[in-house]
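**Q** Can you look at this prediction? I've put the sequence above it.
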Amino acid sequence: MTLQQLTWALGGLALFLFAMLMMTEGLKAFGGSGLKRLLGRWTSTPLRGVFAGIAVTALVQSSSAVTVAAIGFVNAGLMNLRQALGVIFGTNVGTTMTAWLVSLIGFGFDIDAFALPIIVAGVALRLLLSDQRYQGLGDALIGFGLFFMGLDLLQQAFGGMAAAYGADALAGGVGVHWAAALALGFVVTLLTQSSSAAVAIILTAATGGLIDLPTAAAAVIGANVGTTATAALAALKATAAARRLALGHIGFNVITGVVALLLLPLMLWLIDWLASALHLQDNPAVFLALFHTVFNVMGVLLLLPFTQRLADWLEGFFRSHDDQLARPQHLDHTLASSPELALGAVRAELPRLRAAIGSVATAALDNQRQASSQAEAARQLAAAITEYIASLRAARMPRQVSDDLTLCLRATRYFDEAGRMVASAQRLAAAAAAANPPEALPQLLAAARTCLSAPCSSNAAELAEFERLYQHGKASLLSAVVAQQIEAERADGLLDDLSHLRRLLQQWVKADTMLACSDSGRPAPEGA
């Protein structure tokens with residue numbers, strides 16, 4: 001390898017990676033929130049998630065960006081793990097678009113005549129328009145043009161190497177077999193942090209005659225499996241949901257890669273037959289792009305029917321205390337046909353919700369840092385109970401069961417509303433722990449703790465005592481503002497938080513009332 005060939009290869013690779021980055025960031029800026037809305041709306045089932053993953057990945061040219069968006073949706077509760085797995089499956093097919101761009105455009109046109117006008121158009125959009133979306137489109141066009149210029153440099157470098165070492169030097173002359181090619185693809189992806197870049201390099205090497213098609217196909221499999229290293233590195237310090245999704249991503253790529261490698265001779269024959277049928281057999285790049293697409297589609301067809309089982313299996317990993325809290329322990333969807341048993345399951349779950357909300361609220365009143373995350377977990381449990389009750393068919397259940405489930409649903413709603421107010425309780429606790437706290441605040445917080453710890457039979461009386469202290473504390477704060485003993489803005493924030501704490505306790509007592517009525521078979525009191 002001459003110094004010029006090495007310079008062309010490294011320069012082409014650098015230009016290619018920079019172009020991919022510009023294309024991805026530019027298309028994300030141009031698409032704005034529309035791409036995220038597409039992901040959010042088109043993923044109600046794993047199959048729709050697959051198509052959404054394919055479409056968005058093909059548009060932004062980055063499976064990593066789509067994976068990060070899917071993780072964000074899972075963390076926000078807007079997408080469950082089963083739906084997100086569908087998106088991940090789709091990104092593996094969508095990322096093959098890069099191979100098709102390389103094979104159909106990169107090697108079929110005069111690069112200078114094709115790429116330079118695109119770069120000029122992109123620069124014009126970037127400089128002449130102030131709208132950030134169209135500036136993003138300009139960046140994407142610049143990246144698109146640089147993409148093919150980098151590819152042209154790689155093609156020249158690999159063509160020179162093939163001429164120097166022989167057309168099949170790496171295929172057999174130096175003993176590079178399928179296992180070594182697999183490792184090569186994996187390492188190139190690991191070094192470039194982009195399977196698209198690795199596949200483009202492999203396609204360019206094959207087109208230049210540096211490696212034969214079977215070796216290149218094995219390297220493409222290695223590049224596809226190599227993205228698992230990126231996913232694993234990204235998940236090291238991520239949330240539990242992100243780690244589960246990364247593990248699912250790794251599982252999909254490894255299983256798909258193993259199956260493709262085991263069936264490689266058969267798949268090469270199949271791709272050769274398809275290429276002949278489509279009159280593409282004389283184009284190594286198209287052959288490999290077709291191979292890349294077919295084995296990823298094969299992986300989707302293989303694993304899509306088992307998405308729910310895979311999601312259930314992944315849910316058992318990386319479980320934190322908050323995850324355990326948010327996961328229902330008694331709700332069983334197989335009981336939907338037996339309303340009485342379903343009611344029993346709900347009644348068994350509600351004490352867990354009550355204990356969780358009570359514990360979280362008490363932790364907030366003690367100014368414990370973990371209160372906010374635990375509150376979110378408790379609210380996820382409330383959402384699961386609500387969804388479970390809503391899934392039962394009221395038309396087929398006895399009237400008493402229907403009434404009891406209504407009371408349970410109201411109790412769940414009240415507990416959930418109490419969970420929303422936890423942040424205010426924590427701010428009040430922080431204010432009480434600071435220097436010169438408002439005079440009535442420590443007494444109010446103590447009364448709130450007493451109300452939360454009181455049994456159902458007496459917490460209404462404790463709430464009345466809190467109400468008395470609340471009115472006194474509110475009057476005291478307003479008097480302090482008039483006397484200029486406290487800033488009006490600070491007092492306003494404290495009054496808002498006190499009002500929220502009061503509502504937290506009111507919702508807590510209402511929920512207890514609903515539970516007591518459901519357990520005893522009594523109707524809910526008027527106004528509750």
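**A** Structure's in. What do you need? Numbering: from 1, shown residues only.
**Q** Show me which positions of stretch 296-304 end up buried.
**A** 296-300, 303-304 (16 or more other C-beta atoms under 10 Å). (Glycine included, C-beta is placed from N, CA and C.)
**Q** Which of the residues you listed sits closest to Leu59?
**A** Taking C-beta to C-beta as the measure, Leu59 lies nearest Asn296 of these, at 17.2 Å.
**Q** Next one: Val300 relative to Val254, how far apart?
**A** Plainly put, Val300 is 15 Å away from Val254 if you go by C-beta to C-beta, to the nearest Å.
**Q** and which of the buried residues of stretch 296-304 is nearest Gly208?
**A** Within the buried residues of stretch 296-304, distances to Gly208 taken as C-beta to C-beta reach their minimum at Asn296, with 24.4 Å.
**Q** Pretty sure that closest one sits against Gly94.
**A** No - counting by C-beta atoms under 8 Å, Asn296 does not reach Gly94; the two are 9.0 Å apart.
**Q** which stretches of the stretch 51-200 of the chain form helices?
**A** Taking DSSP state H, counting those that start in this stretch to define them, one finds helices in the stretch 51-200 of the chain at 63-76, 81-94, 97-101, 111-128, 132-165, 178-192, 195-207.
**Q** Next, Met421: phi, psi?
**A** According to degrees, to the nearest 10, the main-chain angles of Met421 amount to phi -90, psi 0.
**Q** who touches the residue lying closest to it once chain neighbours are set aside in this structure?
**A** Once flanking residues are discounted, Met421 sits nearest to Leu504: 3.8 Å by C-beta to C-beta, 6 or more residues apart in numbering. With contacts taken as C-beta atoms under 8 Å, 6 or more residues apart in numbering, Leu504 has the following neighbours: 361, 418, 421-422, 424-425, 448.
**Q** Kindly report the same for Ile357.
**A** Taking C-beta under 8 Å, 6+ apart as the contact definition, Ile357 lies against 378, 415, 418-419, 508.
**Q** how about these in JSON lines, adding pLDDT, neighbour count and secondary structure?
**A** What follows is the contacts of Ile357, written out as JSON lines (pLDDT from 0 to 100; neighbours: other C-beta atoms under 10 Å; DSSP: H, G, I helix; E, B strand; the rest coil):
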{"residue": "Ala378", "pLDDT": "86", "neighbour count": "28", "secondary structure": "helix"}
{"residue": "Phe415", "pLDDT": "92", "neighbour count": "27", "secondary structure": "helix"}
{"residue": "Ala418", "pLDDT": "91", "neighbour count": "29", "secondary structure": "helix"}
{"residue": "Gly419", "pLDDT": "89", "neighbour count": "26", "secondary structure": "helix"}
{"residue": "Trp508", "pLDDT": "90", "neighbour count": "26", "secondary structure": "helix"}
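**Q** Of those, which is the nearest to Leu278?
**A** With C-beta to C-beta as the yardstick, the closest approach to Leu278 among the contacts of Ile357 comes from Ala378, at 56.8 Å.
**Q** The closest one and Gly419 touch, don't they?
**A** Yes - using C-beta under 8 Å, Ala378 makes contact with Gly419 at a distance of 5.2 Å.
**Q** Next, show the common contact partners of those two.
**A** Taking C-beta under 8 Å, 6+ apart as the contact rule, Ala378 and Gly419 both touch 357, 360.
**Q** Tell me the spacing between Asp131 and Ala52.
**A** If you measure Asp131 against Ala52 using C-beta to C-beta, the figure is 26 Å.
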